[in-house]
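> Coordinates for the following, if possible.
(2 chains)
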Amino acid sequence: MTAPPPRVRVTAPRSTSRRVAATPGPGDPSTLYVRSLIRSQLRVAVVAAGSFALVLAGITATLALVPEVREFTVGGIPIAWVVLGAGVYPLVLLVAVLVVRAADRNEERYRSLAEDS
Amino acid sequence: MNPVVGYVSIAVVTVATVLVGFFGLRVSRTTGDFYVASRTVRPWWNASAIGGEYLSAASVLGIAGLLLLRGEAALWFPIGYTAGYLMLLLFVAAPLRRSGAYTIPDFTQARLESLPVRRVTSILVIVIGWFYIVPQLQGAALTVGITTGLPRWAGAVGVAVVVGVVVAAGGMRSITFVQAFQFWLKLTALAIPVVVILAFLPGAAPGLPTEVALPVPPPSSGAELYTTASLLLALLLGTMGLPHVLVRFYTNPDGRAARRTTLIVLGLLSVFYLFPVAFGMLGRVFAPHLADEADALVLVLPGLLVPGVLGEVLTALVIAGAFGAFLSTTSGLVVSLAGVVSQELFGGSVRGFRVAAIGSALVPLAVALLTESAGLAGSVGLVFAFTASTLCPVLLLGIWWRGLTARGAIAGMASGALLCGGAILVAPFVPAGWVGALLAQPAAWSVPIATLVVVLVSRADRAHLPRGADRFLAQLHLPERLTPTR
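As a prediction, this is how the structure comes out:
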């Protein structure tokens, strides 16, 4: 058997952030850029969450208000079970892919702005 | 049910879990290893581990059981459990990774530069973790009782002891391997029986016609619509505040990787949840008589529909998957609780982590032994509502709003905890109807009120804005390579 690695005394860092960013002043363009990046990322998130909620509400409303829809079946399984039990998941993935792309794009835009200035 | 199948299956999963755990132990040496696996875990491993940790007794057993009991309305549970990760991706994944903190209390303390905030957050994390572990142990009690005939407490005690020991011995690096393994175990354990059952269907017992088994629900009353909407809100927002979920994001190398990992997690969950739903549907068609103990549906159905040895093999498989779920979710929670407790009380030492791990497994065990399970999916749903009302508003506003102050955060967490916790405690004594629905699913009003309290108190407290707020927000949102460093 090989010798175990030497024991080292270890402690968790009590302080929290180790990457300390330089403080940008209020007139600093980087602050402006940072705020606009945060705003555009928030916009992406809110629009995506809102659209997803709207689709779910739409499904619920359609099933409740248009009873004829319920007459459809897929392979003998009622449409409501197909849509809620399986159909919603591709939608979740679609929203997720779009959001990841949009968020990356926002970061790229910030990067090119920050490197220019 | 043949008890030998139960014993063998539970023993194999437990031994496999412990072995995979100790295999990872050899590379686990420093505190960094113990807490977050040194941030070197690859996205697929990490995503599988997140999935493995997240899919609890509620997902593996509870959803199918609830579908058997309530039908179509229960389909919202898996949707909410999955879409919770969508919200996590949208609002917190990348920023939290960039915060550089290990635990939620670390995050709130760094963001708000306040030790009291840290204390309040820690208390909430510990309470949430405990109450999330309780249904896992109750699921274990149910599974052991049904499959082996042993007294039910044996299952809860077994899971608590195994998890406490594995976590205390190995830390999180080994847990990452355990969790990734558990995801694939759970997926296999539900997917293969569904496929085989479907293949055997032509010769199986006659079932109810689908119009009877999957009926069109009667038009829902206002209170029922409220309950569904409130539950969905709780599941969507509660996920991002779960202590064992957040800690996983620190194991990504950077913010973009955190988003990629979440995307993979969403894919894995979307595939997984097809199978509990299939189990629920098959249960409604072929085994409506199981509704007395609906949470056992997944365990019993394969043996009921598939004859002979194959049926027993499938039964062993679902027992393994279910037991894997209790082990993995409990160990994930114990790891994150032990991290928080040891940093609060023992200065973050490895020895403190071990002591805290044992303690974090034993307290919920006591609660689980003293209380009766009220439906696995339902009790987990209430933990989500509590998380959504307390940690979620502070996390969201902490990441996106520079105006958040320490007092605002404390006031919001306290009011959310009181409102949501109080409603959950009072609800069993209130008759059904509008008031009963409002109390039984409080998220739809307790989350907005808690958020409003955070905002209003922070506004009134504007003089005490944390001085580093702008700097910290920049760190959360800027791509890593461009974070200005000194």
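
> Okay, strands next: where are they in chain A?
Using DSSP state E, the strands of chain A run over A:73-74, A:77-78.

> so, in contact with chain B or not, the last one?
Looking back up the chat, that one is strand A:77-78. Yes - contact of strand A:77-78 with chain B (CB under 8 Å from any CB of the partner chain) involves A:77-78. C-betas here are computed from N, CA, C, even on glycine.

> which other residues reach that strand?
By CB atoms under 8 Å, 6 or more residues apart in numbering or on different chains, the residues outside strand A:77-78 that reach it are A:70, A:72, B:210, B:214, B:216, B:281.

> Pick the most buried one from the strands of chain A.
Neighbour counts (mean count of other CB atoms under 10 Å in any protein chain shown) averaged over each of the strands of chain A peak at strand A:77-78, with a mean of 18.

> okay if I get the strands of chain A as JSON lines plus mean pLDDT?
Converted to JSON lines, the strands of chain A look like this (pLDDT from 0 to 100):
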{"stretch": "strand A:73-74", "mean pLDDT": "85"}
{"stretch": "strand A:77-78", "mean pLDDT": "88"}
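
> quick one: which of those strands is nearest B:P243?
strand A:77-78 (37.7 Å; CB to CB).

> Just checking: what are the partner strands of the closest one?
Next to strand A:77-78 in the sheet, as set by DSSP bridges, lie strand A:73-74 (antiparallel).

> Which helix runs longest in chain A?
helix A:29-65 (DSSP state H).

> Check which helices and strands that helix sits against.
helix A:88-116, helix B:76-91, helix B:222-238, helix B:469-477 (3 or more CB pairs under 8 Å, 6 or more residues apart in numbering or on different chains; DSSP states H and E).

> Mind checking the pLDDT average for it?
Mean pLDDT, computed over helix A:29-65, is 90.

> Which residues are in contact with the closest residue to B:S114 other than its chain neighbours?
Once flanking residues are discounted, B:S114 sits nearest to B:A406: 3.6 Å by CB to CB, 6 or more residues apart in numbering or on different chains. Taking CB under 8 Å, 6+ apart, we find B:A406 in contact with B:112-114, B:116-117, B:461, B:464, B:466.

> relative orientation of the longest helix of chain A and helix B:76-91 in degrees?
Helix A:29-65 runs at 160 degrees relative to helix B:76-91, counting by axes from the mean of the first three to the mean of the last three CA atoms, to 10 degrees.

> Hmm, B:L476 is touching B:P95, no?
Yes - counting by CB atoms under 8 Å, B:P95 is a contact partner of B:L476 at 3.9 Å.

> So the two - more neighbours on which side?
B:L476 (26 against 23; other CB atoms under 10 Å in any protein chain shown).

> May I have the residues that are in contact with that one?
Neighbours of B:L476 in contact, by CB under 8 Å, 6+ apart: B:95-96, B:98-99, B:399.

> among the residues you listed, which are in helices?
Residues of these located in helices (DSSP H): B:95-96, B:98, B:399.

> mind putting those in JSON lines, pLDDT included?
What follows is the ones in helices among the contacts of B:L476, written out as JSON lines (pLDDT from 0 to 100):
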{"residue": "B:P95", "pLDDT": "92"}
{"residue": "B:L96", "pLDDT": "89"}
{"residue": "B:R98", "pLDDT": "89"}
{"residue": "B:I399", "pLDDT": "94"}
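
> Widest-spaced pair of those?
It's B:R98 and B:I399 that sit farthest apart of these, by CB to CB, at 9.9 Å.

> quick revisit: for chain A, state which of the contacts of B:A406 is nearest.
Checking the contacts of B:A406 against chain A with CB to the nearest CB, the nearest one is B:E113 at 9.7 Å.
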